[in-house]
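Chemist: just a sequence and a predicted model for now, questions to come.
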Amino acid sequence: MSGPLQSAARGGVLALFLVALAGFMALLLWLGAQGFRSTEALDLWGRALLAAGGQTPLREVVTAYPPAPILVMAGAAGLAPMLGAAAPWFPVALLAATLVLAWHATLRDAGLGRGARLLAVLLLALNPLFLRALAGGVEPMLLAWGVWMLAYGMFNMRLKSRVNDIILVAAALVLLGASGPFGLVIVLAALPFLALIVLPDLLVQSVSGSYLVILFPLLFSGLGFLFVNWIFTGDPLHFLVAPQGWPPAAPAGLRQAGLALVGVVLMSPLSIWAVLRARRLAGLQSGAVAALGMPVAVIGLGWATGTLPGPALAASLGCGLAAASAAVVASFRRLQPVVMPALLFTLVAGAAIVFADRSAATLRWRAAAQGHKVAAPAPEMAALGRALRGKHDILFSAADAPAAVAERGSAAGIVGQHAEAFQLAAQTHRLTARVLVVRSAQSVRGADGLGRAFPRLFTAGAPGYRLIYDGPDWRVYQSDLEARP
């Protein structure tokens, strides 16, 4: 390709990235303006604000599981002064936009023309299941990346047997394992299907050796994470004390799992076609069996372990499978005519699954997408965050209510339980902060750090303080001196 053509191609890719990023940001900001934020995303953003603001010790940040979402969001929190209200949405939109670029690159390598691949990317990016995952926050987007990498590598490992494909599968397993409990479920569900994508000759020579080549990066990163936990806490299993996202707030029932399973299958028309019709292409057929069987196994294992999210979020795994299968099938020129109808079918199927999903989070997302105001996912956290806006010198065990920090919009002015002033107050039983935040001992999670240090604070308050917020589980007291004009 000549210089001018290369420059034009690069300009086109950059334009695609910018359009995708702007579009995803606009959608996320629109949803946020209607009041939509997922509970998990709020909690993660609050923890990221606390970490970026120095309220959370480094030990707690680097030993927390899963590591990938909090590290991504902590980086965004550090940019919050520059990004403003867009800060919590930017990393999500960035992950989605770069994934669109990856889809475009694989379709270009497959030989699709410019117009066809742009249409294919548009159908994938506008799939309601993908947009539902986008609204779920960083973790669903990391899972989308991981599943696409895994599926694309599974197809190509058996077809082309390139080192790059082995690396892609290995990297996907690492990313999925670092993305959360459901990501670990995906890794476990994928293990049996790896046997289908390794060349038979290599598998016959050494099953363990073939698996070790693929799994070594995952094992190495896992042992590294255990080592970090041991170095910082003295216990390599410290992260198991409170893994983020486990147990899930509302595990999926059998009906929801069934809907998710139907969604994954409907998102896989090209894989199903390859399994049934590609008998002369053994590599394509084996890769399709592995790539299709893996997400089906994920749904079953996720339901059995209680890690399965809502039907639409679980079925969104099929978006990665659809993108990977489209690129692989399109690499066979005589099969290219079936790609676009298949992607159009997945768009319709995705819409059907989203409208069939009756989970609370998806109902809120649909209402917000239609321009209706929706209630906060955690009303008390929203009210508590509003009560703390504009205040400073706040004695608050904020790690027990990160969603309230997210609703407040900043961790500035909070004196957390790891701060010297907080520990001094607990030891001397003297309260000098301007604002006190305490949780009821009768709440489901019991008293927070301040409540344990001052057992009567929630019910009786403290001398010199007046009640300014009274919620079901949380109360806020403000110094009388601070309240005076």
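Modeler: Happy to help now that I have it.
Chemist: what about the strands in this protein?
Modeler: 394-395, 414-415, 435-439, 465-470, 474-479 (DSSP state E).
Chemist: could you dump these to TSV with distance to residue 120 and mean neighbour count?
Modeler: Using the backbone N, CA and C atoms, a C-beta is placed for each residue, glycine as well. TSV is the format used below for the strands of the chain (distance: least, Cβ to Cβ, whole Å; neighbours: other Cβ atoms under 10 Å):
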stretch	distance to residue 120	mean neighbour count
strand 394-395	51	24
strand 414-415	47	24
strand 435-439	51	26
strand 465-470	51	15
strand 474-479	49	22
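Chemist: which intervals of the stretch 301-450 of the chain have sub-threshold pLDDT?
Modeler: Judged against pLDDT under 70, the stretch 301-450 of the chain has no low-scoring part.
Chemist: who are the neighbours in contact with residue 409?
Modeler: Contact partners of residue 409, counting by Cβ atoms under 8 Å, 6 or more residues apart in numbering, are 385, 389.
Chemist: biggest helix in the chain by residues?
Modeler: helix 3-33 (DSSP state H).
Chemist: tell me how far the closest residue to residue 210 other than its chain neighbours lies from residue 448.
Modeler: Excluding the flanking residues, the one nearest residue 210 by Cβ to Cβ, 6 or more residues apart in numbering is residue 198, at 4.6 Å. As judged by Cβ to Cβ, to the nearest Å, residue 198 and residue 448 stand 51 Å apart.
Chemist: ok, residue 317 next?
Modeler: 36 Å.
Chemist: number of residues surrounding the closest residue in space to residue 117 that isn't next to it in sequence?
Modeler: Nearest non-adjacent residue to residue 117, counting by Cβ to Cβ, 6+ apart: residue 107, 4.0 Å away. By the measure other Cβ atoms under 10 Å, the count of residues near residue 107 is 25.
Chemist: who are the contact partners of residue 107?
Modeler: 116, 117, 120, 121, 326, 327, 330.
Chemist: what do you get for residue 121?
Modeler: Per Cβ under 8 Å, 6+ apart, neighbours of residue 121: 16, 100, 103, 104, 107.
Chemist: and which of those is nearest residue 403?
Modeler: residue 100 (29.7 Å; Cβ to Cβ).
Chemist: my guess is that closest one meets residue 18, correct?
Modeler: No: using Cβ atoms under 8 Å, residue 100 makes no contact with residue 18, being 11.1 Å away.
Chemist: out of those two, which sits in the busier spot?
Modeler: residue 100 (23 against 11).
Chemist: out of the strands of the chain, nearest to residue 302?
Modeler: Using Cβ to Cβ, the nearest of the strands of the chain to residue 302 is strand 435-439, at 31.6 Å.
Chemist: could you list the paired strands of that closest one along with their orientation?
Modeler: strand 394-395 (parallel), strand 474-479 (antiparallel) (DSSP bridges).
Chemist: who's more crowded, residue 317 and residue 448?
Modeler: Neighbour count, other Cβ under 10 Å: between residue 317 and residue 448, residue 317 has more, with 31 against 24.
Chemist: need the contact list for the more buried one.
Modeler: Neighbouring residues of residue 317 by Cβ under 8 Å, 6+ apart: 143, 144, 147, 186, 264, 295, 298.
Chemist: let's go with 10 Å and repeat that
Modeler: 129, 133, 140, 143-144, 146-148, 150-151, 182, 186, 260, 263-264, 267, 294-295, 298-299, 302, 309 (Cβ atoms under 10 Å, 6 or more residues apart in numbering).
Chemist: relative to residue 348, how far out is the residue nearest the centre of the chain?
Modeler: Closest to where the C-alpha atoms of the chain average out (Cα atoms, centre = their mean) is residue 139, at 0.8 Å. Distance of residue 139 to residue 348, given as Cβ to Cβ: 27 Å.
Chemist: same check, this time on residue 110
Modeler: Counting by Cβ to Cβ, the gap from residue 110 to residue 348 is 23 Å.
Chemist: also residue 13?
Modeler: 28 Å.
Chemist: how about residue 259?
Modeler: 16 Å.
Chemist: the more surrounded of those two?
Modeler: Taking neighbours as other Cβ under 10 Å, residue 259 and residue 348 compare with residue 259 leading, 23 against 12.
Chemist: could you find the closest non-adjacent residue to that one?
Modeler: Per Cβ to Cβ, 6+ apart, closest to residue 259 is residue 311, 4.0 Å.
Chemist: quick check, the one you found in contact with residue 254.
Modeler: No: in this structure, residue 311 is not within contact of residue 254 by Cβ atoms under 10 Å, at 11.4 Å.
Chemist: where does the stretch 1-150 of the chain dip in pLDDT?
Modeler: 1-9, 11.
Chemist: for residue 87, list the residues it contacts.
Modeler: 45, 48, 49, 52, 73, 76, 77, 78, 79, 80, 81, 409.
Chemist: which of these are buried?
Modeler: In these, burial by neighbour count holds for 45, 48, 49, 52, 73, 76, 77, 78, 80, 409, counting by 16 or more other Cβ atoms under 10 Å.
Chemist: the fourth one touches residue 73, doesn't it?
Modeler: Read it as residue 52. Yes: applying Cβ under 10 Å as the test, residue 52 and residue 73 come out as touching, 8.8 Å apart.
Chemist: okay, stretch 459-479 in CSV with CA atoms only?
Modeler: Presented in CSV, the C-alpha positions along stretch 459-479 are these (Å, rounded to 0.1, in the frame of the first residue of the first chain):
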residue,chain,number,x,y,z
THR,A,459,-28.9,6.0,68.5
ALA,A,460,-27.9,8.8,70.9
GLY,A,461,-25.7,11.0,68.9
ALA,A,462,-22.8,12.9,70.5
PRO,A,463,-22.6,16.1,72.6
GLY,A,464,-22.2,19.2,70.4
TYR,A,465,-23.6,17.5,67.3
ARG,A,466,-27.0,17.6,65.6
LEU,A,467,-28.6,15.0,63.3
ILE,A,468,-28.7,16.2,59.6
TYR,A,469,-29.4,13.0,57.9
ASP,A,470,-31.5,10.0,59.2
GLY,A,471,-31.7,7.0,57.0
PRO,A,472,-32.7,3.3,57.6
ASP,A,473,-29.1,2.2,58.2
TRP,A,474,-27.0,5.4,58.2
ARG,A,475,-27.0,8.7,60.1
VAL,A,476,-25.0,11.9,59.7
TYR,A,477,-24.3,14.2,62.6
GLN,A,478,-22.8,17.7,62.1
SER,A,479,-21.0,19.8,64.7
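Chemist: show the average pLDDT along it.
Modeler: The average pLDDT for stretch 459-479 rounds to 94.
Chemist: give me the distance from that stretch to the chain's centre.
Modeler: Computed by Cα atoms, centre = their mean, to the nearest Å, the chain-centroid distance of stretch 459-479 equals 35 Å.
Chemist: please apply the same query to stretch 391-402.
Modeler: Using Cα atoms, centre = their mean, the offset of stretch 391-402 from its chain centre is 25 Å.
Chemist: for stretch 310-320, same thing?
Modeler: On Cα atoms, centre = their mean, the centre of stretch 310-320 falls 12 Å from the chain's centre.
Chemist: that one spans what distance, first to last residue?
Modeler: One end of stretch 310-320 to the other measures 17 Å (Cα to Cα, to the nearest Å).
Chemist: mind checking how far the residue nearest to the centre of the chain is from residue 173?
Modeler: 16 Å.
Chemist: please apply the same query to residue 111.
Modeler: Residue 111 is 29 Å from residue 173, by Cβ to Cβ.
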